[in-house]
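Peer 1: Let me see the structure of the following:
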Amino acid sequence: MAKRGGFPGGMPGNMNNLMKQAQRMQRQMEENQKELETKEFTAAAGGGAVEVSVSGKKEIIKVKLSEEVVDPEDVEMLEDLIVAATNEALRKAEEANAEIMNKMAGGLGLGGGFPF
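Peer 2: Numbers count the residues shown, from 1 in each chain. Below you'll find the predicted structure:
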């Protein structure tokens, strides 16, 4: 008579250890995410004329403008520089987030397929 539930032949490895490892990794990921949120990422455009800082939460926290870039006759250039600096700062924040996620995925052993 067949056993009810479970997997035929038994589950490879110890399921309890697998669950503990998953919980530990989840805690690590939460800690890494909190740490990332406290960091600041800054980028400049126009040779440093415009500088934008964003948080790890991807929120703009500071915009710094040089006096020489504030030209009432060329507002469009200033707008473009702000957009460029903001996008670069956000890219840096995203890059840091991706690096953390890659480290976590490496800890799973997913690089070369499933370990079983």
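Peer 1: going forward, measure contacts between C-alpha atoms and count neighbours the same way
Peer 2: Will do.
Peer 1: Strands along this structure, start to end?
Peer 2: Secondary structure of the chain, counting by DSSP state E: strands at 40-45, 50-55, 60-65.
Peer 1: by how many degrees do the second one and strand 40-45 diverge?
Peer 2: Think strand 50-55. Inter-element angle recorded for strand 50-55 and strand 40-45: 160 degrees (by axes from the mean of the first three to the mean of the last three C-alpha atoms, to 10 degrees).
Peer 1: chain center to strand 50-55, what's the gap?
Peer 2: Remark: strand 50-55 is offset 17 Å from the chain centroid, using C-alpha atoms, centre = their mean, to the nearest Å.
Peer 1: next one: the last one
Peer 2: Between the centre of strand 60-65 and the centre of its chain there are 21 Å (C-alpha atoms, centre = their mean).
Peer 1: That strand: partners in the sheet, and parallel or antiparallel?
Peer 2: strand 50-55 (antiparallel) (DSSP bridges).
Peer 1: Could you list the low-pLDDT ranges of this protein?
Peer 2: 1-13, 107-116 (pLDDT under 70).
Peer 1: between the top helix by length along it and strand 50-55, how many degrees?
Peer 2: What stands out as the longest helix in the chain, according to DSSP state H, is helix 75-108. Interaxial angle, helix 75-108 versus strand 50-55 (the same axes, to 10 degrees): 30 degrees.
Peer 1: ok, and for helix 75-108, which residues are buried?
Peer 2: 78, 81-82, 84-94, 96-97, 100, 104 (16 or more other C-alpha atoms under 10 Å).
Peer 1: tell me the most buried of the strands of the chain?
Peer 2: With neighbours taken as mean count of other C-alpha atoms under 10 Å, these reach their highest mean count in strand 50-55, at a mean of 23.
Peer 1: Show me the contact partners of it.
Peer 2: Applying C-alpha atoms under 8 Å, 6 or more residues apart in numbering, the set of residues contacting strand 50-55 from outside is 37-45, 60-66, 69, 81-82, 85-86, 89-90, 93.
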